[in-house]
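Chemist: Pasting the sequence and the predicted coordinates here, then a few questions.
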Amino acid sequence: MNDDRDNAHIKSLAKDLSEKKIDRREFVRFATLLGVSASAAYGLAGKISGEAFAPAARAEDLPKGGTFRLGNRIKEIKNPHAYSWGGYDSNMSRQVLEYLTFTDDKGVTNPHLAESWSASPDLRTWTFKLRQGVKWSNGDALTADQVVWNLKRVLDPEVGSSMIGLMGGYMLKDDPSQKDAKGNPKQVVWDANAIEKVDDQTFRLNCKAAQVAVPEHLFHYVMAILHPDDKGVFQVGSKGTGAFDLVEFEVGKKATFKAKKGYWGGDAHVDMLEMSDTGDDPTAAISALASKQLHGLVFGDPLQYEALSAMPHLQLYSVATGETIVMRMKVTAKPFTDARVRQAMRYAVDQAPILQVALHGLGRAGQHHHTSPAHPEFAELPPFTRDLAKAKQLLAEAGFPNGLDTEIFVPTDNPWGQVQVEAAVEQWKEAGIRVKITLMPGASYWDVWTKVPFGSTIWYHRPLAIMTYGLAYRTGAPWNESDYSNKTFDELLVQAEGTLDIGKRKEIMAKLEKILQDDGPLVQPLFRDTFTFMDKRVKGFSMHPTNYFFGWKVGLAEA
Amino acid sequence: MIALVGKRVLGLVGTLLVASFLVFAVTEFSPGNVARKTLGPFAAQESVDLLYAKLHLNDPLPVRYGRWLGVLTGVIADPLQDPALKLDFKDPRGDRYFGNFGYSTLYKLPVNDVIWNRLGNTAMLAGISFALIVPLSLLFGVLAGMREGSVLDRTISIFGIIATSVPEFASGVFLVAIFVVALGLLPGTSPLTTGGGGWSIASQFVLPVTVLVLYDSGYVVRMVRGSTAEVMSKPYIRTALLKGLPFKTVVWRHAVRNAMIAPFTVLLLQINFLISGVVVTEMVFAYPGFGRMLLEASLFGDIALIEAATLVALAIATTTQLASDIGYVLLNPQIRVR
């Protein structure tokens, strides 16, 4: 891949690294995004900065054999390209079906089924080379045709894949000659040659617009690569390239996976992988771990934290994420039309106590701009702290000298979000902001989440902060739940999305973050650390910020 | 008797029709969009609308109810199984047969493939519990009732009240804390599979059954005790005692049979409770049962599954009602059923 290192973007990254504008981790993260393999990037980083890089614990040292038992919700898994939420369903299919890229727990995007890739200098043409020797369960070799079939399928609106949300902007266009059920123009791939097979092992994406995060999009949980013969359906007996085959499956009960011989990444350490459903009640999972019926949970609930940390045979794993619950105000609804009111709402909250009561401190303070230290482009601003006097003054200026009354809609499906709102409401009271809490079942809230004037919405971790910005705060975006519209913000965001130079990107990010702090529609006191507990017998596990579980990584020591 | 059963069956069919329509009408007003829940919050609105239309959810209520009835009786084919819709809904029994409850949108399986297995699991839990509740509550109820106000009566009554006033979620967690976390004697959940931690299936029944028996027999003991105490104060009991019969014989031969009429109804009602009212216990112990399935279906808005579960629960309730009526006749020949 020597030619890749001559890529102008890699050169500029290397320059940043040698001038210490970025650290080694950021260098690796961005170099791998552009297709330099992780080991080559680490090597390159070592050469430039002169620091040696300590390799991760060798996987061969893990114990072999045994059945690993994981607590997971066994939801329906038939349609991987249209999964609703990757937390449960994709963690089952992930053991069988694989992705073209692999974003690890440190945010570094590594090659996976795609062995290497390169981007054109304008970031519009991305060429991916597939790994040699990858075999499906039935012995077929992985080919570019199969991958192209998968990409075309997820971009068909009829399939209902959320990949459209990520890739639609640079891969799709409206076709006025075709209408969908509601009479709107149908979305089609923007150019006949947009998804191009180059040869049996190579394919190319020709994008409508520049996009820096293509490799990370390809790791989105619905972008699993299926065998075209399976027609998009995943079930017992489906073909996969992964380390396991699904051998048994019952919704609400369990899913069993058997390790297969000859996996391209080296055979899995455990023989079997069994996932069981312990239901909606978080205490059931605690009981199952206590009686060692499970070796671990796919991810923990803050309500389980105290009970589980008291059990001596369990080990805590946690990782910082960009997962957060924003209390967002619709800028088109009174009194939030006035930026001073929104600003006062932010000045009236104190992050530290909220973090303590909502998450037992398992997280970090948010700065009301929805970019987490877990994001590579995070730009640190001076800490945003509580200022009651300022909040009151802003309210008075906005015409509310005696404070104001309003109502917040809160879904009950995330208990910690509910606690966060309750804590914030107490703090707002001191600034004269009297907020009534209206609780709604999650199902009802998700029908109206983009409509309520003031609501509490969960946003999961995404590998890049600009991805969240594009989804949630860009003018007119479908998930822009607060109707936020700021021309400067939009322009800067487009700039950030096309800027690879990390120093320059961070400068733009600092401006974007500041705009959200000054004018934005959100009160965002904290970011959650995602965590889980595993039996101390479990080796090789690490927590992924998106709660992804990889069965081929873990081994099970003797009891 | 045959006329009675016939009349009851007719009544049952009528009740089922009304109830099934009510379930449809109620879900009409309950929030949540099945298509949105299937595709999740990350899917584009266009995709959600497409799926909504495919599932025929935008048809008017009477049309959807009529179609459901037609599919159930096998008069019409299930439209959701049409391969042209690309929903991939397949039923090995075909798309047109009597008793076709349709397709569960939550489990993505024919309802008939989901419901009977779950019902079987719950029936097992209910059966074991019931087999313990009946003798235990009769024994303790009679023991307490035969000498009202005695020390034995007071002791049993107090324990009964305590057992029944502690809700299942509390007693469940309490028992788990003792027998699972502190002592490590029993498994904390009951997935009904062996393997994890090496617990046998039988050991997985101990805690959920204990919770149900404690909660339920406390109540039934009180009923039996009250009824026995009442009978024991009747003149014919006094007569029997005065003419020199042993106390044991009096209680056994004269009191118990007469005291059983009211508790008998209550006991049969417990069957309904044990089938569809054990949601809490099933949740606490992650038991793969009927109640948990019904709760999940309701939260999701899976109308086909809710309908089927309602019909099954109603059928069980009506059957136990019939059984209790027949039981009355056997217990008390004075009662005539017409």
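Modeler: In hand now; what should we look at?
Chemist: wait, does the longest strand seen in chain A contact chain B?
Modeler: In chain A, assigned by DSSP state E, the strand with the most residues is strand A:314-329. No - Strand A:314-329 lies apart from chain B when judged by Cβ under 8 Å from any Cβ of the partner chain; the minimum separation is 11.9 Å. Quick note: C-beta positions are derived from backbone N, CA and C, even for glycine.
Chemist: model confidence over that strand, on average?
Modeler: Throughout strand A:314-329, pLDDT has a mean value of 93.
Chemist: which neighbours does it have in its sheet, and in what orientation?
Modeler: strand A:454-459 (antiparallel), strand A:522-523 (antiparallel), strand A:526-535 (antiparallel) (DSSP bridges).
Chemist: Make TSV from those and add distance to residue B:259 to it.
Modeler: Shown next, in TSV, are those (distance: least, Cβ to Cβ, whole Å):
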stretch	distance to residue B:259
strand A:454-459	57
strand A:522-523	65
strand A:526-535	53
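Chemist: Next one: residue B:251 from chain A, what distance?
Modeler: 42 Å (Cβ to the nearest Cβ, to the nearest Å).
Chemist: Oops, could you answer that again for residue B:109 instead?
Modeler: Relative to chain A, residue B:109 is positioned 7 Å away (Cβ to the nearest Cβ).
Chemist: Contacts only, for the residue lying closest to that residue once chain neighbours are set aside.
Modeler: Nearest non-adjacent residue to residue B:109, counting by Cβ to Cβ, 6 or more residues apart in numbering or on different chains: residue A:251, 7.0 Å away. Residues near residue A:251 by Cβ atoms under 8 Å, 6 or more residues apart in numbering or on different chains: A:74-76, B:106-109, B:114.
Chemist: Residue B:142: which of these is nearest?
Modeler: Checking these against residue B:142 with Cβ to Cβ, the nearest one is residue B:114 at 42.0 Å.
Chemist: Could you say which helix or strand holds that closest one?
Modeler: Assigned by DSSP states H and E, residue B:114 belongs to helix B:111-146.
Chemist: For that helix, buried residues please.
Modeler: For helix B:111-146, the neighbour count (16 or more other Cβ atoms under 10 Å in any protein chain shown) marks B:111-115, B:118-119, B:121-126, B:128-130, B:132-133, B:136-138, B:140-146 as buried.
Chemist: For the next helix or strand after it, name the packing helices and strands.
Modeler: Moving toward the C-terminus from helix B:111-146, the first helix or strand encountered (DSSP H and E) is helix B:151-165. Applying 3 or more Cβ pairs under 8 Å, 6 or more residues apart in numbering or on different chains; DSSP states H and E, one finds that helix B:151-165 contacts helix B:111-146, helix B:201-232.
Chemist: so which of those comes closest to residue A:322?
Modeler: Nearest of the helices and strands packed on helix B:151-165 (Cβ to Cβ): helix B:111-146, 37.0 Å.
Chemist: Contacts only, for the closest residue to chain A within the stretch 151-300 of chain B.
Modeler: Here the stretch 151-300 of chain B gets closest to chain A at one residue, residue B:188, 2.5 Å apart by Cβ to the nearest Cβ. Residues in contact with residue B:188 (Cβ under 8 Å, 6+ apart) are A:284, A:286-291, A:293, B:176, B:180-181, B:207, B:285.
Chemist: Neighbour count, pLDDT and distance to residue A:342 added to those, as JSON lines?
Modeler: Compiled in JSON lines, these are given as follows (neighbours: other Cβ atoms under 10 Å in any protein chain shown; pLDDT from 0 to 100; distance: Cβ to Cβ, whole Å):
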{"residue": "A:284", "neighbour count": "25", "pLDDT": "88", "distance to residue A:342": "41"}
{"residue": "A:286", "neighbour count": "29", "pLDDT": "91", "distance to residue A:342": "40"}
{"residue": "A:287", "neighbour count": "29", "pLDDT": "90", "distance to residue A:342": "44"}
{"residue": "A:288", "neighbour count": "26", "pLDDT": "92", "distance to residue A:342": "44"}
{"residue": "A:289", "neighbour count": "30", "pLDDT": "93", "distance to residue A:342": "43"}
{"residue": "A:290", "neighbour count": "25", "pLDDT": "91", "distance to residue A:342": "46"}
{"residue": "A:291", "neighbour count": "25", "pLDDT": "90", "distance to residue A:342": "49"}
{"residue": "A:293", "neighbour count": "27", "pLDDT": "91", "distance to residue A:342": "48"}
{"residue": "B:176", "neighbour count": "25", "pLDDT": "90", "distance to residue A:342": "46"}
{"residue": "B:180", "neighbour count": "23", "pLDDT": "89", "distance to residue A:342": "49"}
{"residue": "B:181", "neighbour count": "18", "pLDDT": "86", "distance to residue A:342": "47"}
{"residue": "B:207", "neighbour count": "26", "pLDDT": "93", "distance to residue A:342": "51"}
{"residue": "B:285", "neighbour count": "33", "pLDDT": "91", "distance to residue A:342": "47"}
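Chemist: Taking the residues you listed, tell me the two that lie furthest apart.
Modeler: The most widely separated members of these, counting by Cβ to Cβ, are A:289 and B:207 (15.5 Å).
Chemist: In terms of helices and strands, where is residue A:269?
Modeler: Under DSSP H and E, no helix or strand contains residue A:269.
Chemist: For my notes, confirm residue A:410 occurs in a helix.
Modeler: No - assignment of residue A:410 by DSSP: H, G, I helix; E, B strand; the rest coil gives strand, placing it outside any helix.
Chemist: right, and it touches residue A:416 too?
Modeler: No - the criterion here is Cβ atoms under 8 Å, and residue A:410 misses it with residue A:416 at 11.4 Å.
Chemist: For those two, work out which one has more neighbours and name it.
Modeler: For residue A:410 versus residue A:416, neighbours defined as other Cβ atoms under 10 Å in any protein chain shown are more numerous around residue A:410 (24 against 20).
Chemist: Can you name the residues of the stretch 201-338 of chain B sitting close to chain A?
Modeler: Counting by Cβ under 8 Å from any Cβ, the stretch 201-338 of chain B sits next to chain A at B:282-286, B:288, B:292-293, B:295-296, B:299-301.
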